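> what follows is a predicted protein model with its sequence.
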Amino acid sequence: MTQTDSTTPEDIAALFTRSDGSFFCARWGRPIAPIVFGVEDASLRVVKGAFEAVCALAGHDMAETDFELGSNFMVFFFRNWSELSDVPNLDRLIDGLGELVERLSAAEANQYRVFRFDESGAIRACFVFLRMDAALSDVPAEELALGQVAQSMLCWSDTAFSERSPLARAGATTVLRPDIAGVIRAAYDPVLPAVSQDPSHALRLFARLGAQAPDA
């Protein structure tokens with residue numbers, strides 16, 4: 001299992017235990033049909049590559065379109081939060097968009113993520129907003145794309161990556177941390193439920209992590 005050997009059930013539980021103490025782990029319940037706004041073709045290929053890589057890791061399907069929404073994973077790159085107010089029909093997809101834009105602008109936030117869930121609690125849609133301020137503009141495109149896709153493959157805790165990035169360096173290449181890659185792969189094991197609010201789910205993820213092939 002390479003570097004995932006030191007991962008404990010408590011480590012996994014912390015990744016899905018929110019700041020209010022509640023546990024929630026959910027994966028996508030349908031193929032991911034992404035669309036990206038606000039980037040040039042070269043960057044678009046990078047983002048698409050990140051989707052393909054993480055979905056391959058998870059063993060999860062991608063699709064050209066979603067049967068319900070058309071595109072169920074939307075990524076927006078922009079310079080100012082106010083630009084979101086000009087996106088046609090976005091207010092129909094994001095409840096309280098105007099208030100959200102005001103709040104994020106006042107906080108000078110540079111990223112925000114919104115999930116939507118189906119009746120079972122599995123992820124049915126995700127909206128990622130990236131305000132390209134000086135800090136994000138300095139992040140290499142490959143690193144930014146991989147990090148955002150990884151953080152959107154599961155409904156992680158709001159504090160999961162507050163102190164440590166999900167990414168690591170392998171020589172000159174940016175990759176997912178082995179423990180995070182292992183948890184993503186384990187969470188998409190079809191024997192596990194798509195959603196759980198029971199902290200004991202971390203033990204099941206840990207068991208699947210231990211069952212992964214050493215060279216996975």
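Arrived safely.
> residue ranges for the strands of this protein, please.
25-26, 34-37, 73-78, 111-117, 123-131, 167-170, 173-176, 195-196 (DSSP state E).
> give the buried residues for the fourth one.
Right, strand 111-117. 111-113 (16 or more other CB atoms under 10 Å). (Each C-beta comes from the backbone N, C-alpha and C, glycine too.)
> domains in the protein, as residue ranges please.
1-26+166-216, 28-153 (automatic domain parsing).
> ok, back up a step: point out the most buried one among the strands of the chain.
By mean neighbour count, with neighbours taken as mean count of other CB atoms under 10 Å, strand 25-26 ranks first of these at a mean of 26.
> indicate each strand paired with that strand and its parallel or antiparallel sense.
When pairing is defined by DSSP bridges, strand 25-26 lines up against strand 195-196 (antiparallel).
> one step back: could you export the strands of the chain as JSON lines, including distance to Asn89?
Shown next, in JSON lines, are these (distance: least, CB to CB, whole Å):
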{"stretch": "strand 25-26", "distance to Asn89": "25"}
{"stretch": "strand 34-37", "distance to Asn89": "13"}
{"stretch": "strand 73-78", "distance to Asn89": "11"}
{"stretch": "strand 111-117", "distance to Asn89": "15"}
{"stretch": "strand 123-131", "distance to Asn89": "12"}
{"stretch": "strand 167-170", "distance to Asn89": "33"}
{"stretch": "strand 173-176", "distance to Asn89": "33"}
{"stretch": "strand 195-196", "distance to Asn89": "28"}
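> turn those strands into CSV, including mean pLDDT and distance to Leu144.
Shown next, in CSV, are these (pLDDT from 0 to 100; distance: least, CB to CB, whole Å):
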stretch, mean pLDDT, distance to Leu144
strand 25-26, 98, 24
strand 34-37, 95, 12
strand 73-78, 96, 9
strand 111-117, 96, 9
strand 123-131, 97, 7
strand 167-170, 90, 10
strand 173-176, 92, 10
strand 195-196, 98, 28
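> ok, which of these comes nearest Ser6?
strand 167-170 (13.8 Å; CB to CB).
> need the least confident one among the domains of the chain, by mean pLDDT.
Note on the domains of the chain: domain 1-26+166-216 shows the lowest mean pLDDT, a mean of 88.
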